[in-house]
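1. Sequence first, predicted coordinates after that:
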Amino acid sequence: MMRLANRSVAFWLSSTALHSVSAFRTPLRNKSFASITTALSMSTVRVALCQLPVTDDTEKNHQTAATFIENAVEQGAELVVLPEIWNSPYATAAFPEYAQDIDKGPSRRLLQDLATKHKLWLVGGSIPERTADGKIYNTSLVFNPQGELVAKHRKVHLFDIDVPGGITFFESDTLSPGETVSYFSTPWGNMGLGICYDIRFAEYAMLLTQKHDCKVLLYPGAFNMTTGPAHWELLQRARAVDNQCFVLTASPARAVETTESKKPYPHYTAWGHSTAVSPWGEVIATTDESPGIVMADLDLEKVEDMRKSIPIRNQRRTDLYDLLQVKKE
């Protein structure tokens with residue numbers, strides 16, 4: 001079996017003072033990570049962020065995902081996160097060709113089988129979904145260790161931007177926006193789900209943490225070479241500090257355009273740098289642009305500690321402002 005080198009491994013260590021946050025960073029081979037700690041507390045979950053190399057061959061992408069997940073499981077991962085659009089090229093013209101029936105398509109079957117086989121929580125990044133009425137969505141599926149679908153998130157905020165001298169991209173050319181706020185319950189606490197551009201909207205994150213008490217926010221994403229260097233880490237740290245929670249992102253590895261691709265799609269270069277951020281806003285684990293797995297142990301008791309020490313949730317002046325308007329159900 002192929003071995004994958006971890007680019008960075010880190011822990012948010014326990015401390016008596018919340019401001020004293022430690023990060024341990026060192027390159028490790030897969031097998032050695034599990035030896036760092038032999039037992040985790042009931043409030044701690046070991047997560048793996050899989051930064052996959054993505055091609056225009058869906059079957060090859062399936063094989064890559066299965067290999068990365070197996071390697072993550074060997075290191076003790078209990079929750080694995082895949083990147084945005086991991087089974088196809090990231091291009092508006094490609095979405096219609098690669099879109100699948102989300103209920104019985106091959107990518108959904110693979111994710112469900114892998115979650116069941118390895119008995120883990122699997123956040124399946126996102127894939128292009130085609131519905132019976134012909135609409136196409138950027139959709140994330142989450143499966144529990146029994147292989148049950150516990151969440152389905154359709155990207156709410158579509159990536160429509162035009163940065164002069166940078167990048168122009170309009171997902172709305174082929175994609176439709178989702179209409180739901182997505183979260184799921186785990187033994188460690190509630191976790192909220194967004195996709196890439198969703199991370200820019202503070203209101204969405206606030207809804208997940210304040211109304212649904214999410215302690216972790218998950219964002220499979222594929223920022224680019226224009227927005228990635230400027231905003232990728234900044235937005236993750238902002239959402240973590242604003243909501244006093246962990247924020248996890250999983251990106252595709254940065255693809256290098258080659259002559260092997262037979263598809264006529266515009267080349268999209270992902271920033272990479274899959275990352276885990278603590279409620280203190282500390283980057284506790286990250287990587288560069290290359291394929292790899294980012295491992296981190298998250299102690300969710302730290303979320304409550306943080307919220308008690310700096311109780312902003314109870315200090316908002318709703319008599320002066322109301323920044324969060326919850327849609328009536």
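-> That came through, no problem.
2. Okay, buried residues for stretch 158-170 please.
-> Within stretch 158-170, the residues that qualify as buried by neighbour count (16 or more other Cβ atoms under 10 Å) are 158-159, 169. C-beta here means a position set from N, CA and C on the backbone, and glycine is covered the same way.
3. what does that stretch contact?
-> Contacting residues not belonging to stretch 158-170 are listed as 92, 138, 171-172, 175, 177, 196-197, 224-227, 268 [Cβ atoms under 8 Å, 6 or more residues apart in numbering].
4. ok, now with 10 Å
-> 84, 90-92, 137-138, 171-178, 195-198, 200, 221-227, 230, 266, 268-269 (Cβ atoms under 10 Å, 6 or more residues apart in numbering).
5. Kindly indicate which of the buried residues of stretch 158-170 lies nearest residue 99.
-> The shortest distance between residue 99 and any of the buried residues of stretch 158-170, using Cβ to Cβ, involves residue 158 and amounts to 15.1 Å.
6. For that closest one, which non-adjacent residue is spatially closest?
-> Spatial nearest neighbour of residue 158, chain neighbours left out: residue 171 (4.2 Å); criterion: Cβ to Cβ, 6 or more residues apart in numbering.
7. residues contacting that neighbour?
-> By Cβ under 10 Å, 6+ apart, the neighbours of residue 171 are 90, 92, 95, 136, 138, 155, 157-161, 177, 196-197.
8. how about a cut-off of 7 Å?
-> Residues near residue 171 by Cβ atoms under 7 Å, 6 or more residues apart in numbering: 92, 138, 158-160.
9. same thing with residue 48?
-> Under the criterion of Cβ under 7 Å, 6+ apart, the neighbours of residue 48 are 72, 75, 77, 80, 293, 295.
10. Apply 10 Å and report the result again.
-> Counting by Cβ under 10 Å, 6+ apart, the residues that residue 48 touches are 6, 33, 68-69, 71-73, 75-82, 120, 248, 250, 274, 293-296.
11. Could I get the buried residue list for stretch 301-312?
-> Residues of stretch 301-312 classed as buried under the neighbour-count rule (16+ other Cβ under 10 Å) are 301-303, 305-307.
12. Let's have those in JSON lines, adding distance to residue 51 and secondary structure.
-> Formatted as JSON lines, those follow (distance: Cβ to Cβ, whole Å; DSSP: H, G, I helix; E, B strand; the rest coil):
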{"residue": "301", "distance to residue 51": "28", "secondary structure": "helix"}
{"residue": "302", "distance to residue 51": "25", "secondary structure": "helix"}
{"residue": "303", "distance to residue 51": "25", "secondary structure": "helix"}
{"residue": "305", "distance to residue 51": "30", "secondary structure": "helix"}
{"residue": "306", "distance to residue 51": "27", "secondary structure": "helix"}
{"residue": "307", "distance to residue 51": "30", "secondary structure": "helix"}
